[in-house]
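Undergrad: Pasting a predicted model and its sequence here:
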Amino acid sequence: MKDAYRILIVGGGAAGLTVAARLLAEDPSLDVGIVEPSDKHYYQPIWTLVGAGVFDREISERDEADFIPDGADWIRDRVDALDADARRVTLSSGATVSYEYLVLCPGIQIDWHKIDGLTDTLGKNGVTSNYSYDIVPYTWEVLQSVRSGRAIFTSTPTPLKCGGAPQKIMYLAADHLRRTGALGRTEVMFANPGTMVFGVEYFAKTLRKVIARYGIDFRLHTELVAVRGPEQKATFRVTDPATGARTEQTVDFDMLHVVPHQSAPDFIKRSAVANADGWIDVKRETLQHVRYPEIFGLGDASSVPVAKTGAAVRKQAPVVAANLLQVMREGSLRHPELYDGYTSCPLVTGYGKLVLAEFDWDNRPMPSFPFDTSQERYSMYALKCYVLPDLYWHGMLRGRV
Ligand SMILES: Cc1cc2nc3c(=O)[nH]c(=O)nc-3n(C[C@H](O)[C@H](O)[C@H](O)COP(=O)(O)OP(=O)(O)OC[C@H]3O[C@@H](n4cnc5c(N)ncnc54)[C@H](O)[C@@H]3O)c2cc1C
């Protein structure tokens, strides 16, 4: 590790590795450092299927070292502070690293502690979450144990990675309970603090049919605020949409799948690069920072107003690589590459069934296939299970697609 790099990338996740691969493919002589604390890299989209028992969690895990592109230095540490005016980061070890150009993509921070009692009971008492590699196998374990009672699935009032993930595991769980004959004896409840089933009506119409098919008690304006694990009780804050009045309801559960609060990483929130909500403040089409032209930001930690997904990262990464190289070579961004706001959410609606929601930041459908992907299809389920993981490991992270 050196104490200065021409290009420093913070976060060696989906976005950081893809941008690094693209930059070095374009110019192998570039001086690139990647700050990434984890020695493992995770393909998180498959965790939905791990929680439903389709795959073991190990298929989502690879060695980070295998994906650091040749020519890049891996700095195995965490950024604790960013001084954008001094063009310098401070690492957990206390060391500082300077840069000429900075790519920020440290992902989203999971704030488990924001739900009262959750950290004490997560991974036991039937309380689980697909938002953690450590906990996700417990989702399948609990689901297999449900014979009757109530299975509750929640969403969060904060921005989240993969907005569809809270519902996908619920549909798979309901389908599993249907197959075991337990669905009739089990109330499946969805507690969503939001105001609608899904932001894009073109896909929401199918989801409403799926919800009816499984007989799901789908509650809007309902936020999980506390869990008492040993007693298996969950407390929700319910907001009356007409008056704004809030009440609390406590219900029993046999299974509780929690989607935690999420936010920008703390070091971003504390830095000058954050917008008022804490996200890396970038121009949504060029992904260049609004105040620091030498900084680019993408992925879950960015302010780009689009559902936070790996699919969005796949389209953002080439834009960042091209625009950064242009700024380095020409001194400014006169002919920028533009991100078009594409994102995608493969909405698994049961075993062998998937609605492929592809849309943009204005919630306009952006289909990649010449057929109606708002219908449940086995072909799209197979795409998620067997095609997209390979595309990720061998294409996207290598800077090829
Ligand atoms: C359950 C679940 C289901 C999902 N399903 C889908 C799906 O079906 N389709 C889809 O497209 N997307 C899906 N996603 C979302 C997708 O995984 C993310 O949107 C994507 O990984 C974002 O890429 P990123 O690089 O911004 O963040 P990440 O891939 O999370 O990478 C961030 C990296 O930054 C590192 N980091 C964090 N803090 C620091 C720091 N201080 N200093 C240095 N490095 C740091 C982390 O260790 C991590 O490696 C899902 C996610 C989950 C959890």
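TA: Thanks, I have it. Since the structure is predicted, the reported quantities are computational estimates derived from the model, not experimental observations. Numbers count the residues shown, from 1 in each chain.

Undergrad: C-alpha from now on. contacts and neighbour counts both.
TA: OK.

Undergrad: what's the distance between G215 and the ligand?
TA: G215 sits 23 Å away from the ligand, going by CA to the nearest ligand atom, to the nearest Å.

Undergrad: Setting aside sequence neighbours, what's the nearest residue to that residue?
TA: In this structure, G215 finds its nearest non-sequential neighbour in V188, 7.5 Å apart by CA to CA, 6 or more residues apart in numbering.

Undergrad: hang on, isn't the one you found packed against A174?
TA: Yes: with contact defined as CA atoms under 8 Å, V188 reaches A174; the gap is 7.0 Å.

Undergrad: quick one: R76 from V327, how far?
TA: 27 Å (CA to CA, to the nearest Å).

Undergrad: Next, I7: secondary structure please.
TA: Following DSSP: H, G, I helix; E, B strand; the rest coil, the label given to I7 is strand.

Undergrad: biggest helix in this protein by residues?
TA: Ranked by residue count and defined by DSSP state H, the top helix of the chain is helix 310-330.

Undergrad: tell me what it is packed against?
TA: If you count contacts as 3 or more CA pairs under 8 Å, 6 or more residues apart in numbering; DSSP states H and E, helix 310-330 packs onto helix 14-26, strand 295-297, strand 343-350.

Undergrad: How about the residues of the protein by the ligand?
TA: 10-16, 35-38, 44-45, 47-48, 78-80, 105-107, 130-131, 161-162, 165, 299-301, 308-311, 345-346 (CA under 6 Å from any ligand atom).

Undergrad: Narrow the residues you listed to those in strands?
TA: V10, V35, V79, D80, C345, P346 (DSSP state E).

Undergrad: separation between the spatially most central residue of the chain and P45?
TA: Closest to where the C-alpha atoms of the chain average out (CA atoms, centre = their mean) is K161, at 2.5 Å. Shown here: K161 relative to P45, a distance of 10 Å by CA to CA.

Undergrad: same thing with G164?
TA: As defined by CA to CA, G164 lies at a distance of 11 Å from P45.

Undergrad: Likewise for I110?
TA: Going from I110 to P45 by CA to CA gives 16 Å.

Undergrad: hang on, isn't T154 packed against M255?
TA: No: the pair T154 / M255 is not scored as a contact, 11.1 Å apart, by CA under 8 Å.

Undergrad: Keeping just the C-alphas, turn stretch 197-214 into CSV.
TA: C-alpha atoms of stretch 197-214 as CSV (Å, rounded to 0.1, in the frame of the first residue of the first chain):
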residue,chain,number,x,y,z
VAL,A,197,-47.5,-2.3,-3.4
PHE,A,198,-44.8,-1.4,-5.9
GLY,A,199,-43.8,2.0,-7.4
VAL,A,200,-44.4,1.0,-11.0
GLU,A,201,-48.0,0.2,-11.7
TYR,A,202,-47.2,-1.9,-14.8
PHE,A,203,-45.7,-4.5,-12.4
ALA,A,204,-47.8,-3.7,-9.3
LYS,A,205,-50.9,-5.1,-11.1
THR,A,206,-49.4,-8.5,-11.2
LEU,A,207,-48.2,-8.3,-7.6
ARG,A,208,-51.7,-7.5,-6.5
LYS,A,209,-52.9,-10.8,-8.0
VAL,A,210,-50.0,-12.7,-6.4
ILE,A,211,-51.0,-11.2,-3.0
ALA,A,212,-54.6,-12.3,-3.5
ARG,A,213,-53.5,-15.8,-4.6
TYR,A,214,-51.6,-16.4,-1.4
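
Undergrad: Now do the buried residues in it.
TA: For stretch 197-214, the neighbour count (16 or more other CA atoms under 10 Å) marks V197, F198, G199, V200, Y202, F203, A204, L207, V210, I211, Y214 as buried.

Undergrad: about what we covered before: within the helices and strands, which one has the residue nearest to G215?
TA: V188 is part of strand 186-191 when elements are defined by DSSP states H and E.

Undergrad: Kindly report the same for A382.
TA: helix 378-382.

Undergrad: residues of that helix that come out buried?
TA: Y378, M380, Y381.

Undergrad: I'd like those written out as CSV, with distance to G278 and pLDDT added.
TA: Listed next are the buried residues of helix 378-382 as CSV, based on distance: CA to CA, whole Å; pLDDT from 0 to 100:
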residue, distance to G278, pLDDT
Y378, 39, 98
M380, 35, 98
Y381, 35, 98
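
Undergrad: Show me which of these is closest to the ligand.
TA: Nearest to the ligand among the buried residues of helix 378-382: Y381, at 10.8 Å, using CA to the nearest ligand atom.

Undergrad: check contacts around the closest one.
TA: Shown in contact with Y381 (CA atoms under 8 Å, 6 or more residues apart in numbering): V348, G352, K353, L354.

Undergrad: G194 now?
TA: G194 neighbours (CA under 8 Å, 6+ apart): P157, L220, H221, T222.

Undergrad: Can you tell me the number of residues neighbouring the residue nearest to the third one when sequence neighbours are not counted?
TA: Right, the one you point to is H221. In space, and not counting its chain neighbours, H221 is closest to P193: 4.2 Å by CA to CA, 6+ apart. P193 has 21 neighbours, counted by other CA atoms under 10 Å.

Undergrad: Report the separation between P193 and the ligand.
TA: P193 is 18 Å from the ligand, by CA to the nearest ligand atom.

Undergrad: go on, M328?
TA: Counting by CA to the nearest ligand atom, the gap from M328 to the ligand is 23 Å.

Undergrad: now for the contacts of G194, which pair is the farthest apart?
TA: Distance extremes for the contacts of G194: the farthest pair is P157 and L220 at 11.1 Å, using CA to CA.

Undergrad: list the contacts for the residue of the chain positioned farthest from its centre?
TA: The centre of the chain is farthest from one residue, E330, which by CA atoms, centre = their mean lies 33.9 Å away. Going by CA under 8 Å, 6+ apart, E330 touches no other residue.
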